[in-house]
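*Asks:* coordinates only, no sequence provided:
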């Protein structure tokens, strides 16, 4: 730990405090972790990851209000920060505000549909709402009843104590020091024991402490108030857990289990089984165990298909999730036909339920299968159908980049450059440096293929600057190599142009010399002909035969 008296700590102090908080959190030292995170936030007050981490600590200690405050603060600059959305939903859920928690689970799921945590949050929040108010299909509205409830509420308002700013009789010192009332729960002792579990022993201890303590003494009064606060906290948790799963919901669930067992069905809570299996499947895929993931998905799918459709609240979505998980496993195992079959089933369910979220996910996965198997045009067709379903600039920049890569592989370089520029624009909007770099490299590669080497050099130099800023050494080395190749092509092209110009120059000089000689001959005047000079145009007499020459002799 650094000296508190030093005016400025060494470089990296924020990271040190945050790392210390992460370690303490993993060890279960939540209060100490809060201190480390708070010190780190004094150095960087707006760090959203640190705010989320401190919110988790508050939630572990049961302080839902502070947890909610930190989660909300992490969203102050970026409302689409998915970790902040999830943490806010978790804080609202633990506070018992299931409806608002469901809203933020859905909001995060729309931004990051591939994350399992939002999907599980939606399921548990929906289940808590159904347990609290009952399933809508089982609620029947009637006209029976009266308005006596509202009349009682009016009576309470009339007898309510004066609020702040109104006149009231001053209280005495004895009244201000009166000890707190012992909180009482209307819940039966048996239900309290079931809800509290291990905490029930603490409740009994606090109650016995109140009985044995003498509240007339000052020390006894302090102990009495502390024990009363502890009981109040436990009663609040009882109310929360009873709301999360009230008695009638537990009875109804038990009756449903008995009915299913009598009908030969699988016992237990269906929703919990699905959530547990999906978590196992996601964990296996994250660890690279795709064969195990595939087997678990197939087994869970057979089990769910044997259930009645009303066994879970989102039966079709569960089927779609399992088909999607199977398709992803098939893809990693290079079984492309099976992967296409599974993802097409996912797409069929999405279209039947008219779910944009499921449809977007299915189209995304289908495009990845087509691209991996070399069917680039099919991948482009699928991903172009997904473009209108994009919910964020970050999703769009990835989508445009993948379409541009497919066009580049197909040799359609103008289209590749066009989608690369679209990806760059979306990356600028989302302020994502990694995708800025990726899209810039794609544009440069397309320009090289189009023969626009000078523009390619400018794009590669821009990409090189981005790679240096991000500290991506691998990308930096690859871009430098590409720049060398492009410059070599430019030099080679210049040399070729010079040689062509030299050849053309020589040919021009030779033609010019020939023309000058011809012109000189045409302009030379005729000289007098010598009598002894043979006439080239006159025909010489043919030689006489040898016999005639002998006769003459």
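*Replies:* It's in. Owing to the predicted nature of the structure, the values given are computational and were not obtained by experimental measurement.

*Asks:* residue 101 reaches residue 92, doesn't it?
*Replies:* Yes - counting by C-beta atoms under 8 Å, residue 92 is a contact partner of residue 101 at 3.9 Å. In this view, the C-beta of every residue, glycine as well, is placed from N, C-alpha and C.

*Asks:* list phi and psi for residue 96.
*Replies:* phi 100, psi 0 (degrees, to the nearest 10).

*Asks:* against residue 52, how distant is it?
*Replies:* As defined by C-beta to C-beta, to the nearest Å, residue 96 lies at a distance of 21 Å from residue 52.

*Asks:* so for those two, which residue has more residues nearby?
*Replies:* residue 52 (23 against 16; other C-beta atoms under 10 Å).

*Asks:* that one: which element?
*Replies:* Secondary-structure assignment from DSSP states H and E places residue 52 in helix 48-60.

*Asks:* what's the span of stretch 210-226 from first residue to last?
*Replies:* End-to-end distance for stretch 210-226: 10 Å, by C-alpha to C-alpha, to the nearest Å.

*Asks:* residues touching residue 369, list them.
*Replies:* Contacts for residue 369 (C-beta atoms under 8 Å, 6 or more residues apart in numbering) come out as 327, 331, 336, 339, 340, 343.

*Asks:* pretty sure the third one contacts residue 327?
*Replies:* No - under the criterion of C-beta under 8 Å, residue 336 lies out of contact with residue 327, with a separation of 10.1 Å.

*Asks:* circling back to that earlier point, tell me the buried residues in the helix holding residue 52?
*Replies:* Residues of helix 48-60 classed as buried: 48, 50, 51, 52, 53, 54, 55, 56, 57, 58, 59, 60 (neighbour count, 16 or more other C-beta atoms under 10 Å).

*Asks:* contacts only, for the fourth one.
*Replies:* Contacts for residue 52 (C-beta under 8 Å, 6+ apart) come out as 70, 71, 74, 83, 84, 87.

*Asks:* just checking, residue 356 touches residue 390?
*Replies:* No - if you go by C-beta under 8 Å, residue 356 and residue 390 don't touch, sitting 10.4 Å apart.

*Asks:* between the two, who's got more neighbours?
*Replies:* Using other C-beta under 10 Å, the more surrounded residue of residue 356 and residue 390 is residue 390, with 17 against 14.

*Asks:* what's near enough to touch that one?
*Replies:* 360, 396, 399.

*Asks:* which phi and psi does the second one have?
*Replies:* Yep, that's residue 396 we're talking about. Dihedral angles of residue 396 (phi, psi; degrees, to the nearest 10) stand at phi -70, psi -40.

*Asks:* next one: residue 15 from residue 392, what distance?
*Replies:* 28 Å.

*Asks:* same thing with residue 346?
*Replies:* Residue 346 is 21 Å from residue 392, where distance means C-beta to C-beta.

*Asks:* who has more neighbours out of these two?
*Replies:* residue 346 (25 against 16).

*Asks:* which positions within stretch 343-363 qualify as buried?
*Replies:* 343-347, 349-350, 355, 357-363.

*Asks:* what are the contacting residues of that stretch?
*Replies:* Here stretch 343-363 makes contact (C-beta under 8 Å, 6+ apart) with 109-110, 113-114, 316-317, 319-320, 323-324, 327, 365-366, 369, 382-383, 385-386, 389-391.

*Asks:* buried among the residues you listed? Need that as a selection in PyMOL.
*Replies:* In PyMOL, a selection of the buried entries from the contacts of stretch 343-363 looks like this (16+ other C-beta under 10 Å):
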select buried, resi 109+110+113+317+319+320+323+324+327+365+366+369+382+383+386+390
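
*Asks:* buried residues, stretch 100-110. List them.
*Replies:* 101, 102, 104, 105, 106, 107, 108, 109, 110.

*Asks:* got the contact list for it?
*Replies:* In this structure, residues lying in contact with stretch 100-110 by C-beta under 8 Å, 6+ apart are 82, 85-86, 88-90, 92-93, 115, 118-119, 121-122, 125-126, 129, 357, 391.

*Asks:* at 10 Å instead, please
*Replies:* Contacts to stretch 100-110, defined as C-beta atoms under 10 Å, 6 or more residues apart in numbering, come from residues 71, 75, 79-95, 97-98, 115, 117-126, 128-129, 356-357, 360, 391-392.
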